[in-house]
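[1] What shape does this take:
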Amino acid sequence: MRKELGLFLIGLVLFVLPSQWAEVHASPTSLTPIRFAVIGDYGLAGPNEAAVATLVSSWSPDFVITLGDNNYTSGASSTIDANIGQYYHSYIYPYTGSYGTGTMTNKFFPVLGNHDWVATNAQPYLDYFNLPGNERYYDFVSGPVHFFALDSDSHESDGITQDSVQGNWLKNGLATSTSPWNLVYLHHAPYSSAAHGSNPTLQWDYAGWGADLVMAGHDHSYERIVVNGLPYFVNGLGGASIYSFGTPVPGSQVRYNGGYGAILVEATDLKITVWFYNTSGSLIDKYVMQSVFSDVPNNYWALDRIISLYNAQITGGCSTSPLNYCPVNPVTRAQMAVFLLRGIHGSAYSPPIITGTRFADVPVSYWAAAWIEQLAAEGITGGCGNGNYCPEAVVTRDQMAVFLLRAIHGSAYHPPVATGTRFTDVSISHWAAAWIEQLAAEGITDGCDVNKYCPDNAVLRDQMAVFLVRVFNLP
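    Got it, this is the predicted structure:
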């Protein structure tokens, strides 16, 4: 490694991928968000519903979905326009009521509630709205989200059990969805801590089928519940009345019944943020989900940094089908050549034509040959010795200190003299002591443990994401 240092080596590269194509082809993603509102148990004309509608209007959402009970108390045709159109006509197409002109495309996607079903065959609801599919349950796609609207009422002729016609429709729909996010919404809550409580009949295998979140109403409260990693939201505070809570169900994380309110959701390909506000404008709850790689779960410790690296198109992951990042795989010198040059020159950078003559162990056919040769051309690496680059060799933490500081300050950089006091496992005589101490001084690392740096440990892909985000100030 002393040869590497003397020849200005910075051979940082992430582990050779199961698909090298993925590493150098970060797929562009849509970061333009969609914003939609979610209201539940709202359809009772009066000041409470008006306050929620004013809150929703203040967000200027792209569209509105409802969680049922759109028309209290009996789902009648005589009340439906006053209970719905009076407040939400500007989202409805075609709108045939008397409160306005409606909109040019439909932006209102309700589900049936038990009060809507009080009317025979829920006919006023079906007549009032023009919805996809059979209108009782249906799906649609907006931006990065595939929405699945269910009819959870016992009157549903296609059933409400997991193995019913409707259940199999959802299972098949989720299985064939190609959207980054799948959102299921219905009226009766599979899980709830309020007056109606949980509905076991509707505790389908949403997560196993591919849903990312489930939203329901029926209980006039707000609650966030996580069951087996899947978030469930209950929102029935749209304006009808407010219920009290009983004993919290397992997984209940947030409960609120202090006033009426609505949910605002913002979604991109990579991230969903869910907010619940009351009608006073106070934020009651915020929940964030981020997902890019199938092997990096939502609660992974380095998730934000891995996503930042992907968003910056410095990496495309370690495989494309499925899209994986391989977070605990070690970083190799070939991969780091790509990462460093992309970080220095930008995500659109491509190196010059390959010669295949710079290093004996990097032929012109090697997947990262052009990147490796350019790294050497810029004076960042002189190879690993004897005319070789060692592209498959793992990068250790002491080497990494040199690589990153050269990437920041240039190939001619030399750090201040080491003190030998910063880390107990890095003595003043260690070949990279000055580089390691300077890396810590610049706030790029705090070490691997209390007062330790672990200089001989391999750098893993999740760790490298953190370092690269800090070095290149990635958002």
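[2] For the chain, give me the ranges with low pLDDT.
    Across the chain, the ranges flagged by pLDDT under 70 are 1-31.
[3] residue at max distance from the center of it?
    Going by C-alpha atoms, centre = their mean, the residue of the chain most distant from its centre is N386, 45.8 Å out.
[4] which ones are touching the closest residue in space to that one that isn't next to it in sequence?
    Once flanking residues are discounted, N386 sits nearest to A360: 7.7 Å by C-beta to C-beta, 6 or more residues apart in numbering. Every C-beta, even on glycine, is put in place using the N, C-alpha and C of the backbone. Residues in contact with A360 (C-beta atoms under 8 Å, 6 or more residues apart in numbering) are 386-388.
[5] can you give me the helices for this structure?
    Per DSSP state H, the chain carries helices over the ranges 2-6, 20-24, 47-59, 80, 86-88, 123-128, 165-176, 206-209, 303-311, 333-345, 369-377, 397-409, 433-441, 461-471.
[6] From A465, how far off is the nearest residue to F472 once chain neighbours are set aside?
    Here the nearest residue to F472 in space, its sequence neighbours aside, is G343; by C-beta to C-beta, 6+ apart that works out to 4.3 Å. Going from G343 to A465 by C-beta to C-beta, to the nearest Å gives 12 Å.
[7] these two touch, right, L237 and H218?
    No - contact status for L237 versus H218: not in contact, 11.7 Å apart, counting by C-beta atoms under 8 Å.
[8] The residue nearest the centre of the chain bridge partners, please.
    Within the chain, the residue whose C-alpha comes closest to the C-alpha centroid is Q290; the distance, by C-alpha atoms, centre = their mean, is 1.8 Å. For Q290, the residues forming beta bridges with it (DSSP bridges) are K271.
[9] who's in contact with it?
    With contacts defined as C-beta under 8 Å, 6+ apart, Q290 is in contact with 270-272, 298, 303-304, 307.
[10] Which members of those residues are classed as buried?
    270-272, 303, 307 (16 or more other C-beta atoms under 10 Å).
[11] Could I get those residues in JSON lines, plus columns for distance to Y128?
    Below are the buried ones among the contacts of Q290 laid out as JSON lines (distance: C-beta to C-beta, whole Å):
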{"residue": "L270", "distance to Y128": "37"}
{"residue": "K271", "distance to Y128": "34"}
{"residue": "I272", "distance to Y128": "30"}
{"residue": "L303", "distance to Y128": "43"}
{"residue": "I307", "distance to Y128": "42"}
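[12] Nearest to N182, out of those: which one, please.
    Of all the buried ones among the contacts of Q290, the one with the least separation from N182 (C-beta to C-beta) is I272, at 10.8 Å.
[13] who touches both of L237 and H218?
    The overlap between the contact sets of L237 and H218 (C-beta under 8 Å, 6+ apart) consists of 40-41.
[14] how far away is the nearest residue to G447 once chain neighbours are set aside from A53?
    Counting by C-beta to C-beta, 6+ apart, Y453 is the residue found nearest to G447 once chain neighbours are left out, at 4.6 Å. Y453 sits 58 Å away from A53, taking C-beta to C-beta as the criterion.
[15] ok, the residue nearest to F472 - contacts?
    By C-beta under 8 Å, 6+ apart, the contact list for G343 reads 314, 407, 468, 471-472.
[16] Could you do V145 as well?
    Going by C-beta under 8 Å, 6+ apart, V145 touches 34, 179-183, 267, 272.
[17] Same question for D219.
    In this structure, D219 makes contact with 189, 192, 194-197, 234, 236, 243, judged by C-beta under 8 Å, 6+ apart.
[18] Understood, closing this out.
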